[in-house]
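>>> what follows is a predicted protein model with its sequence.
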Amino acid sequence: MPVLETTDKIAPRSVLRHRPITPSASHAGQPTGATTMTPLVPRASRGQPQPADASAEVMEWQRIDGDPPPTAQRATSTAASRKATTGPKPLPKMPRPTTKTTQAHTISAPRVHPLLYLGVGMLAMLALWTMLSVAISWGQTTLDDLRYGRPRTYQVDQLVGHNEAAGIPSHFIALNLNRRIEIIEFPGGDATRARVYLGPQLFGPGDELAPVTLSFADVNGDRKPDMIIHFQNSEIVFLNDQGSFRSLHPDERPQVERYLQRYQP
């Protein structure tokens, strides 16, 4: 009976259900495939064995006199790595605290409608105009108080031909007494012959502080000075007639108005 040539080889476990029987005692002195042969296709999970004796011989041959043995080098590297790992660790960088001013700069301001600026500007102009008007009114009232007093009073001397034989001019006093305009004349400076001429009644607010002034000019061309009363941008003319002053007649008004249009007080 012929003998198989592959008796020293073992089939893989995945092929045979049972492991074959070990060789007979006649082959006991020969090495078997299980101890001397390695698998033809090594598995990926198995590590490649390294012969310890060969590496030791190479390291012994390469080491020269004066170099530390491999065990000393490994001990030195291990101590250095431990020292590096056990040394003081750098502290993590803390974030810098942001102040309120920085946060205020980073936060974008809300957008404002352009009409808001227009409304604020108009309110500011209105407030400025009101304050300016009040200031001008107060200044004008204060100036009138210094010039005319209270009640508003104006005095002037003028030669009008009334009891002035001694050459003394007549004295005139214009008053705004409780919104009523009154003119007092002292002919030739004689208070015993004083005359009072009543002017118009004023009704507007603040008219009790309106100043009243007088001027004299020949309005109708009779070579006699007539009396012109000035108040609130208005003029009233009293004609000089028969040693006194009187109001205008209806037929004299056009001539007086033409003169007043050319007259500059």
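That came through fine.
>>> low-confidence ranges in the stretch 101-250 of the chain?
The stretch 101-250 of the chain contains residues with pLDDT under 70 at 101-109.
>>> recalculate using a threshold of 90.
Along the stretch 101-250 of the chain, the parts satisfying pLDDT under 90 run over 101-117, 163-167, 206, 220-221.
>>> so which residues of it form helices?
Secondary structure of the stretch 101-250 of the chain by DSSP state H, counting those that start in this stretch: the helices cover 114-148.
>>> so E252 makes contact with R246?
No: at 10.1 Å, E252 does not count as touching R246 under the criterion of CB atoms under 8 Å. For the C-beta atoms, the positions are set from N, CA and C on the backbone; glycine is no exception.
>>> who touches both of those two?
In terms of CB atoms under 8 Å, 6 or more residues apart in numbering, E252 and R246 are both contacted by the residues L239.
>>> skipping its backbone neighbours, what lies nearest I168 in space?
G189 (4.5 Å; CB to CB, 6 or more residues apart in numbering).
>>> could you measure that neighbour against V196, distance?
Per CB to CB, to the nearest Å, G189 is found 16 Å from V196.
>>> ok, now G139?
In terms of CB to CB, G139 sits 33 Å off from V196.
>>> G189 and V196: who's more crowded?
G189 (14 against 10; other CB atoms under 10 Å).
>>> so the more buried one sits right up against H171, yeah?
Yes: with contacts counted by CB under 8 Å, G189 reaches H171, the gap being 5.6 Å.
>>> before we move on, back to that, who's in contact with the residue nearest to I168?
G189 neighbours (CB under 8 Å, 6+ apart): 168-171.
>>> what of K224?
Contacts of K224 by CB under 8 Å, 6+ apart are 160-161, 218, 240-241.
>>> go with 6 Å
K224 makes contact with N240, according to CB atoms under 6 Å, 6 or more residues apart in numbering.
>>> with P254 instead?
Counting by CB under 6 Å, 6+ apart, P254 has no contacts.
>>> all strands for the stretch 51-200 of the chain, in order.
Shown for the stretch 51-200 of the chain, the strands assigned by DSSP state E, counting those that start in this stretch span residues 152-158, 170-177, 180-186, 195-201.
>>> for those, give me CSV that also has distance to K224.
What follows is the strands of the stretch 51-200 of the chain, written out as CSV (distance: least, CB to CB, whole Å):
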stretch, distance to K224
strand 152-158, 12
strand 170-177, 13
strand 180-186, 14
strand 195-201, 16
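>>> out of these, nearest to S234?
Set against S234 and scored by CB to CB, these come closest in strand 195-201, at 8.4 Å.
>>> neighbouring strands for the closest one, and are they parallel or not?
If you go by DSSP bridges, strand 195-201 pairs up with strand 180-186 (antiparallel).
>>> export only the CA atoms of the strand it pairs with, formatted as PDB.
What follows is strand 180-186, C-alpha atoms only, in PDB (Å, rounded to 0.1, in the frame of the first residue of the first chain):
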ATOM      1  CA  ARG A 180     -56.600 156.200  28.200                       C
ATOM      2  CA  ILE A 181     -54.400 158.700  26.300                       C
ATOM      3  CA  GLU A 182     -54.500 162.200  27.900                       C
ATOM      4  CA  ILE A 183     -52.600 165.400  27.000                       C
ATOM      5  CA  ILE A 184     -52.200 168.100  29.500                       C
ATOM      6  CA  GLU A 185     -51.100 171.600  28.300                       C
ATOM      7  CA  PHE A 186     -49.700 174.500  30.500                       C
END
